[in-house]
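Asks: Provide a 3D model corresponding to the input given below.
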Amino acid sequence: MKRPKNAPRSQSIGEMISTLVYIGMGLWLLSAALVSPIDYPLWKKIGLYICGGLSLLASGRFLIGDLWNQFKRRSK
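Replies: Reported below is the predicted structural model:
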């Protein structure tokens, strides 16, 4: 049976697991950048911050997609 258009979308187990992995990796990368040794090159620290931030952003991909779809519907 098809889901009605206005019904909220439920996440599968795989989607929830991948979201937790993105959150875990993002936090791990950001913590690695914060506690990295003083002799790490700047480019390595910046890379860790960027990758950690993007990983945390990716953990909200379904929320971002839903917000984007609402924005597109309202702008029509």
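
Asks: Give the residue spans of this protein that score low on pLDDT.
Replies: Counting by pLDDT under 70, the chain shows low-confidence ranges at 1-8.

Asks: mind listing the helices in it by residue range?
Replies: Ranges of helices in the chain, per DSSP state H, are 13-34, 42-59, 61-74.

Asks: Would you format those helices as JSON lines with mean neighbour count included?
Replies: To be clear about C-beta, it is placed using only N, CA and C from the backbone, and glycine gets the same treatment. Below are the helices of the chain laid out as JSON lines (neighbours: other C-beta atoms under 10 Å):
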{"stretch": "helix 13-34", "mean neighbour count": "14"}
{"stretch": "helix 42-59", "mean neighbour count": "14"}
{"stretch": "helix 61-74", "mean neighbour count": "11"}
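
Asks: Any idea how many residues pack against Gln11?
Replies: Residues within reach of Gln11, counting by other C-beta atoms under 10 Å, total 11.

Asks: Tell me which residues touch the closest residue in space to it that isn't next to it in sequence, please.
Replies: Excluding the flanking residues, the one nearest Gln11 by C-beta to C-beta, 6 or more residues apart in numbering is Phe62, at 6.7 Å. Applying C-beta atoms under 8 Å, 6 or more residues apart in numbering to Phe62 gives the contacts 9, 11, 15, 19.

Asks: Next: Ala32.
Replies: Listed by C-beta under 8 Å, 6+ apart, the contact set of Ala32 reads 48, 52.

Asks: Roughly how far does it sit from Gly26?
Replies: Noted for Ala32: a distance of 11 Å to Gly26, by C-beta to C-beta, to the nearest Å.

Asks: Which neighbours do the two have in common?
Replies: Common neighbours of Ala32 and Gly26, using C-beta under 8 Å, 6+ apart, are Gly52.

Asks: where's Ser10 relative to Leu67, distance?
Replies: Separation of Ser10 from Leu67 (C-beta to C-beta): 17 Å.

Asks: which residues sit against stretch 10-20?
Replies: Around stretch 10-20, the neighbours that count as contacts under C-beta under 8 Å, 6+ apart are 59, 61-62.

Asks: could you redo the last one with a cut-off of 10 Å?
Replies: Here stretch 10-20 makes contact (C-beta atoms under 10 Å, 6 or more residues apart in numbering) with 3, 9, 58-63.
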